[in-house]
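K.L.:
okay, sequence plus prediction incoming.
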Amino acid sequence: MTAAAAPESFSMGRVISRLFGVLSRNIVLFLLLSALLVGLPTGVFGYIQLSVMTPLTGASPPGDPSALMSNLFSPLRLGIGAAAWLASVIGNAVLQGAVIHATVSDLSGRRPTFGECLGTGFRFFLPLVVIGLIFAVCFVFGLLIFIVPGVLLALAWCVAAPAEVMERSGVFGSFARSADLTRNHRGAILGLAVALVFSEWVLQSLISGFVGVGMGAGASAAPGLASGALQSLFVFQTITNLVLATLFASVAQAGVASVYFELRQAKEGIGAEQLAAVFD
């Protein structure tokens, strides 16, 4: 058995370096996993959103308001929306497990494969779904109380998913394990989370703003095409959101796995090979 390395101080620089290294070496794998597990459900949501917005943007002639409301909230449309939401929840949970497997395998010098990553994701999807739901409910409740409790709770529990996949800690044990690992390092973790969220917001705002200006110019030049321009803008924004959600889903999960590895190394001297041994 390989001896544990000497614990080092926690370094967010190493987390970022490992994150970009893992992403650069596995970008195709991560995009495939994200497209299948996150992009597809998001695309279904986008399609439903588009079909709902069509009569509201003027692309379809106005009708009886009661008939319009009946169409918007028809059992079929609501059923498809519920199914897409459920697929999204499961897909995100499977992606968590898959990306955690890929990240740890890569850091240990192994080459992660699509099948192995997907297998790990499906093997742990049920506890990861429960962890995600508990996390979301408690986070929202914390935000409603006074914002700060929700943020602190999210930071304390941010590596609960890797703790479950790598240590089989159990649902509640994973929350306790995450709180212990992140203690005294939550400020640095908050900085990384803010940077990732800000990057996504900047990209989305730049793309939406660029398209909005173009559509506005086109509508001014041809007023009769204003409704069509609005519809095209909505379609493009939906596609953009789909692509960004797919991209940042992998980045976020790889970031969480990198933070978990750094915490284990800093606090316990655990190396990647020892972590990856759990997959043998």
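P.N.:
The structure has been received and is ready for your questions.

K.L.:
how about low-confidence regions in the stretch 1-150 of the chain?
P.N.:
Scanning the stretch 1-150 of the chain for pLDDT under 70 picks out 1-8, 45-46, 48-74, 76-77, 80.

K.L.:
all helices for it, in order.
P.N.:
Counting by DSSP state H, counting those that start in this stretch, the stretch 1-150 of the chain has helices at residues 12-34, 40-53, 65-72, 75-107, 114-123, 125-146, 148-156.

K.L.:
how about the ones you listed in TSV, adding mean neighbour count and distance to residue 210?
P.N.:
No exception for glycine: its C-beta is placed from N, CA and C like everyone else's. TSV is the format used below for the helices of the stretch 1-150 of the chain (neighbours: other Cβ atoms under 10 Å; distance: least, Cβ to Cβ, whole Å):
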stretch	mean neighbour count	distance to residue 210
helix 12-34	17	23
helix 40-53	17	19
helix 65-72	11	30
helix 75-107	20	28
helix 114-123	18	34
helix 125-146	15	32
helix 148-156	16	32
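
K.L.:
which one of those helices lies closest to residue 251?
P.N.:
helix 12-34 (6.7 Å; Cβ to Cβ).

K.L.:
what helices or strands is the closest one leaning on?
P.N.:
helix 75-107, helix 114-123, helix 186-221, helix 226-268 (3 or more Cβ pairs under 8 Å, 6 or more residues apart in numbering; DSSP states H and E).

K.L.:
okay, the ones you listed in a markdown table with distance to residue 172 next?
P.N.:
A markdown table is the format used below for the helices and strands packed on helix 12-34 (distance: least, Cβ to Cβ, whole Å):
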| stretch | distance to residue 172 |
| --- | --- |
| helix 75-107 | 17 |
| helix 114-123 | 19 |
| helix 186-221 | 20 |
| helix 226-268 | 18 |
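
K.L.:
to residue 17, which of these lies closest?
P.N.:
Checking the helices and strands packed on helix 12-34 against residue 17 by Cβ to Cβ gives helix 226-268 as the closest, at 8.9 Å.

K.L.:
same question for that closest one, mean pLDDT?
P.N.:
Mean per-residue pLDDT for helix 226-268: 78.

K.L.:
go ahead and name everything in contact with the next helix-or-strand element following it.
P.N.:
Counting by DSSP states H and E, the element after helix 226-268 in chain order, helix or strand, is helix 272-276. Helix 272-276 is contacted from outside by 2, 4, 104, 105, 107, 108, 109, 110, 166, 261, 264, using Cβ atoms under 8 Å, 6 or more residues apart in numbering.

K.L.:
switch to 7 Å and redo it
P.N.:
2, 4, 104, 105, 107, 108, 110, 166, 261, 264 (Cβ atoms under 7 Å, 6 or more residues apart in numbering).

K.L.:
next, format these as a markdown table and append distance to residue 277.
P.N.:
Listed next are the contacts of helix 272-276 as a markdown table, based on distance: Cβ to Cβ, whole Å:
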| residue | distance to residue 277 |
| --- | --- |
| 2 | 8 |
| 4 | 12 |
| 104 | 10 |
| 105 | 11 |
| 107 | 13 |
| 108 | 8 |
| 110 | 11 |
| 166 | 10 |
| 261 | 14 |
| 264 | 13 |
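
K.L.:
write the PyMOL selection for whichever of these are buried.
P.N.:
Under the burial definition 16 or more other Cβ atoms under 10 Å, those of the contacts of helix 272-276 that qualify are selected in PyMOL by:
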select buried, resi 104+105+107+108+110+166+261+264
